[in-house]
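Undergrad: Sequence plus the predicted model coming up.
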Amino acid sequence: MDRILLKKAALANRRKIFFTLCFTLCLTFIGTFGYMAIEGWNLVESFYMTVITLTTVGFGEVRPLSMEGRIFTSMLLIVGLGSFAYGLSTMATFVIDGEFKMFLEDRKLEKEISRLNDHYIICGFGRNGVQVCHELKKSNSPFLIIEIDDEKYNKAVHEGYTVIHGSAIEDEVLQLAGIERAKGLVAALASDADNVFVTLTAREMSKKLHIVTRASYSSTEKKLFRAGANVVVAPNVIGGKRMALTLLRPHVADFLDSMVFGEDDIFLTIEEVELNKKSPVIGKMIKESNIRQESGAMIIGIKNHLTQLIKFNPNPDIQLDISDVLILLGSYVQVEQARKFLLNED
């Protein structure tokens, strides 16, 4: 039985257990007030008689029963035994079929997700989703995965990721993933139609969410932007350009791979830092900021918060302001030192 069917069976059994508990509680009330009405006993005596009858512990009667009381006790006993047998079989199924274990796992997952904030949601653990997760893990960014395929789900769990087994196109699954608290979402499903639907649903649920989505065909890009995507990535187009670059300028391609992905011996990375009001460089020109001296990282670009334009190799006389975004180049250590310096973090 796959995990989706197992979840449905577990939900059905939980409802059965809840129904059994409610039914037993109702029987207790009926028995208690029945004895009070038929035998004229007080509340404690009637409740005690009901409990020992339903549990069949074999204790003696509180007082001698009338004919009506014996008939009522017999009916209560028959119904109680049926309810007990039904509840026992349901509990056995719940435990033996592994549903109880899955229930505990789901509770643990919900607690893990509740602790996430400003995290990323990765919809799909296919070829693109796997690479996204590896890069996020490398940068120590919080994220979780939504995957419906059993094999891909098990693979993600085996790699130690936080994974929700379900469909990303369902509102309940996105809510479980904490989309209201999420910083970004990647729609990397196999179908463009599913990616459009996920993007549309996610945008309706969170207006501030940064959505990056995959497109297999160029004709889908406009639909994805209209659905609410901030960035649309076409792996086929990027792959073609990368292959052409490797043919025409192989050394440049190797250098870029080493720089961006941290391969080979050139452990460089590109990072962006948005300046806040606590930054010590606010109001200073780039040449006065001492970023290179403090961290060793280089400013290779700047995005002005007013024009939203990016300037590469910016003029050192440019004045820095709140909400400007600096594009930094350096080793992981240098970039992290620059980030702490720019954001005035200890």
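TA: Everything's here; your move.
Undergrad: Helices along the stretch 1-150 of the chain, start to end?
TA: Assigned by DSSP state H, counting those that start in this stretch, the helices in the stretch 1-150 of the chain fall at 3-38, 43-55, 67-96, 99-114, 127-138, 150-158.
Undergrad: ditto for the stretch 201-346 of the chain
TA: In the stretch 201-346 of the chain, the helices defined using DSSP H, counting those that start in this stretch lie at 221-227, 235-248, 250-261, 291-295, 332-342.
Undergrad: Need the residues that contact the longest one.
TA: If I follow you right, that is helix 235-248. Residues outside helix 235-248 that contact it (Cβ atoms under 8 Å, 6 or more residues apart in numbering) are 128, 214, 216, 218, 252-253, 256. C-betas here are computed from N, CA, C, even on glycine.
Undergrad: now it, how far from the chain's geometric center?
TA: Going by Cα atoms, centre = their mean, to the nearest Å, the spacing between the C-alpha centre of helix 235-248 and its chain's C-alpha centre is 33 Å.
Undergrad: Also the first one?
TA: Relative to the centre of its chain, helix 221-227 is centred 24 Å away, using Cα atoms, centre = their mean.
Undergrad: What lies in contact with that helix?
TA: Applying Cβ under 8 Å, 6+ apart, the external contacts of helix 221-227 come out as 192, 195-196, 199-200, 203, 213, 215, 232, 234.
Undergrad: Could I get the CA-only coordinates of it as CSV?
TA: As requested, C-alpha coordinates have been extracted for helix 221-227 and formatted as CSV (Å, rounded to 0.1, in the frame of the first residue of the first chain):
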residue,chain,number,x,y,z
GLU,A,221,6.5,31.6,-19.6
LYS,A,222,3.9,34.4,-20.0
LYS,A,223,1.3,32.3,-18.3
LEU,A,224,3.6,31.7,-15.4
PHE,A,225,4.3,35.4,-15.0
ARG,A,226,0.6,36.2,-15.2
ALA,A,227,-0.1,33.6,-12.5
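Undergrad: averaged over its residues, what pLDDT does it have?
TA: Confidence over helix 221-227, taken as the mean pLDDT, stands at 92.
Undergrad: Same check on the longest one?
TA: Taken as a whole, helix 235-248 has a mean pLDDT of 87.
Undergrad: quick one: it to helix 250-261, angle?
TA: Taking axes from the mean of the first three to the mean of the last three Cα atoms, to 10 degrees, helix 235-248 and helix 250-261 form an angle of 130 degrees between their directions.
Undergrad: Let me know the angle separating helix 235-248 from helix 127-138.
TA: Direction vectors for helix 235-248 and helix 127-138, defined by the same axes, to 10 degrees, enclose an angle of 80 degrees.
Undergrad: Also the last one?
TA: Using the same axes, to 10 degrees, the direction of helix 332-342 lies 70 degrees away from that of helix 127-138.
Undergrad: name the helices or strands packed onto helix 332-342?
TA: If contacts are counted by 3 or more Cβ pairs under 8 Å, 6 or more residues apart in numbering; DSSP states H and E, helix 332-342 sits against strand 269-274, helix 291-295, strand 325-330.
Undergrad: cool, and the third one?
TA: In terms of contacts (3+ Cβ pairs under 8 Å, 6+ apart), helix 250-261 is packed against helix 235-248, strand 269-274.
Undergrad: Buried deepest among the ones you listed, which one?
TA: Comparing those by mean neighbour count (mean count of other Cβ atoms under 10 Å), strand 269-274 ranks first with a mean of 16.
Undergrad: List just the one of the helices of the stretch 1-150 of the chain that sits closest to residue 327.
TA: Ranking the helices of the stretch 1-150 of the chain by their distance to residue 327 (criterion: Cβ to Cβ) puts helix 127-138 first, at 17.3 Å.
Undergrad: Next, format the helices and strands packed on helix 250-261 as CSV and append distance to residue 146.
TA: Written out in CSV, the entries for the helices and strands packed on helix 250-261 read as follows (distance: least, Cβ to Cβ, whole Å):
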stretch, distance to residue 146
helix 235-248, 19
strand 269-274, 26
